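> sequence and predicted structure below; questions after.
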Amino acid sequence: MTVPTISTEDLRELLERGTPLTVLDVRPAAERAEWSIPGSVHADAYEALRRADPTALADFHPTNGDRVVTVCAAGKTSRLAAERLRARGLDAVSLEGGMRAWSLAWNSAEVPCPGSTARIVQLRRAGKGCLSYLIGSNGAAVVIDASLDPQVYHRVADTHGWRIRTALETHVHADHLSRARALAADTGARLCLPATDRVSFEYEPLNDGDTVRVGSSALRVLRTPGHTPESTCYLLDDRALFTGDTLFLAAVGRPDLEATTEQSESRAHVLYASLQRLVALPPDTVILPAHTSEPVAFDGRPISATLRQVRARTLLLRETEERFVSQILTRLPPTPPNHHRIVALNEAGTLPDDPTELEAGANRCAVA
Ligand SMILES: [Fe+2]
């Protein structure tokens, strides 16, 4: 039987429109625990489907409308699941490429920013947790930390009547492949990075105190080393702070990627000083990080908090320097998969034909 499939982009659009459907995840529970599609249901049927057990999914019933989209890691076992459900007369299709392909799914949310004339759109890789930003003012736009196909930013900018003038990065990323260089090449935008000798392509270097204009608004460059030596935050109109992986909504950046034990410790001290600088900003500053550790719902709600809220939630921000350093170094999560190869590609400014193979899995840049 030929099993119909649905692409990541088509499923993404259905979820964004709120179309009733049940997403059925048939992966083993341990794989699902790492990352899943928001709102999906789980049936631990992987082994049973692989061995053609006739009872596999026999007691599954759709929970939202009639349509079912089956999902596994790479789109093979989910076909068996869809086939099984179709034999029962259900309208089931299989997600093409599985969770690996789903890592490119995205949605968006507008971020209110009182006091700034600019508008901020948060673009989220729902299937991976990477957050990027399109900031528009007076027909011009800046993109921060592009992690999606350049066409996505182009399309969203178009709907607002903005032209992308600048592509900015907060740092050399380790858990996704940067699309900033490709975006700049596609749109003719300037490519601006924190000044660093890590990358081997041409860019416009940014230093502490510099300003990047976007229409009638401005982004101020705050160098905040620690997560990486070049890590930088951008402050929009003194109201919203794009923090990259330096500060999250309830966690701080990890200081150990591509670093020896001694380097990690010295970076942790530097990170402490950078964070002290950030927490001294006005408490109503809107914090907009580059990652979230949860799958992103298709709910149009921005992932953001005020600095006041972030301070209240993040215990590490209240530690002394010595305790901050010792705590952060003992709580490091496992390193992101493939991070050496991802960093090497980001330093070279190149993209492989199929980025999803390297980018599979959750992001891991935070320490809570
Ligand atoms: Fe990072």
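Sure, I can see it. Predicted model, so just to flag it, every value in this text is computed and none were measured.
> got the phi and psi for the nearest residue to V23 once chain neighbours are set aside?
In space, and not counting its chain neighbours, V23 is closest to S40: 3.8 Å by Cβ to Cβ, 6 or more residues apart in numbering. In short, each C-beta sits where N, CA and C put it, glycine included. S40 adopts backbone torsions of phi -70, psi 160, taken as degrees, to the nearest 10.
> residue contacts, S40?
V23, L24, D25, V71 (Cβ atoms under 8 Å, 6 or more residues apart in numbering).
> so which of the residues you listed belong to strands?
In strands, judged by DSSP state E, the following of the contacts of S40 are found: V23, L24, D25, V71.
> near the ion, which residues of the stretch 201-350 of the chain are found?
By Cβ under 5 Å from the ion, the residues of the stretch 201-350 of the chain that approach the ion are D245.
> what segments of the stretch 201-350 of the chain are strands?
Assigned strands in the stretch 201-350 of the chain, in chain order: 204-206, 211-214, 217-223, 232-236, 240-244, 252-253, 286-289, 305-306 (criterion: DSSP state E, counting those that start in this stretch).
> export the ones you listed as CSV, with columns for mean pLDDT.
Converted to CSV, those look like this (pLDDT from 0 to 100):
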stretch, mean pLDDT
strand 204-206, 98
strand 211-214, 98
strand 217-223, 98
strand 232-236, 98
strand 240-244, 98
strand 252-253, 97
strand 286-289, 98
strand 305-306, 98
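> okay, now the nearest residue to R220 once chain neighbours are set aside: neighbour count?
Using Cβ to Cβ, 6+ apart and skipping residues adjacent in sequence, the residue nearest R220 is L235, 4.4 Å away. Neighbourhood size, L235 [other Cβ atoms under 10 Å]: 19.
> where does the stretch 151-300 of the chain dip in pLDDT?
Counting by pLDDT under 70, not a single residue of the stretch 151-300 of the chain qualifies.
> tell me, how many neighbours does the residue in the stretch 101-250 of the chain that the ion sits nearest to end up with?
Using Cβ to the ion, D245 is the residue of the stretch 101-250 of the chain that sits closest to the ion, at 3.5 Å. The tally of other residues near D245 (other Cβ under 10 Å) stands at 26.
> and the residue nearest to V23, what pLDDT?
pLDDT for S40: 95.
> dump the contacts of S40 into a markdown table; add pLDDT as well.
Supplementary listing: these in a markdown table, determined by pLDDT from 0 to 100:
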| residue | pLDDT |
| --- | --- |
| V23 | 97 |
| L24 | 97 |
| D25 | 97 |
| V71 | 97 |
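> let's have the residues you listed in JSON lines, adding distance to the ion and neighbour count.
Output for those, formatted as JSON lines (distance: Cβ to the ion, whole Å; neighbours: other Cβ atoms under 10 Å):
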{"residue": "V23", "distance to the ion": "29", "neighbour count": "23"}
{"residue": "L24", "distance to the ion": "33", "neighbour count": "28"}
{"residue": "D25", "distance to the ion": "28", "neighbour count": "26"}
{"residue": "V71", "distance to the ion": "27", "neighbour count": "28"}
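> quick check, nearest of the residues you listed to Q276?
Checking the contacts of S40 against Q276 with Cβ to Cβ, the nearest one is D25 at 42.4 Å.
> C-alpha coordinates for stretch 146-162, CSV please?
Output of stretch 146-162 as CSV, limited to C-alpha atoms (Å, rounded to 0.1, in the frame of the first residue of the first chain):
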residue,chain,number,x,y,z
ALA,A,146,19.0,33.7,11.3
SER,A,147,18.5,30.0,11.8
LEU,A,148,15.8,29.4,9.1
ASP,A,149,15.9,29.4,5.3
PRO,A,150,16.5,33.0,4.1
GLN,A,151,13.2,32.8,2.2
VAL,A,152,11.3,32.7,5.5
TYR,A,153,12.7,36.0,6.6
HIS,A,154,12.2,37.5,3.2
ARG,A,155,8.5,36.5,3.1
VAL,A,156,7.7,37.7,6.6
ALA,A,157,9.6,41.0,5.9
ASP,A,158,7.6,41.4,2.7
THR,A,159,4.3,41.0,4.5
HIS,A,160,5.2,44.0,6.7
GLY,A,161,6.6,46.1,3.8
TRP,A,162,10.2,45.9,5.2
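> quick check, distance from that stretch to the centre of its chain.
Distance of stretch 146-162 from the chain centroid (Cα atoms, centre = their mean, to the nearest Å) equals 16 Å.
> now it: buried residues?
A146, S147, L148, D149, P150, V152, Y153, H154, V156, A157, W162 (16 or more other Cβ atoms under 10 Å).
> and those residues, which of them are in strands?
Among these, no member falls in strands (DSSP E).
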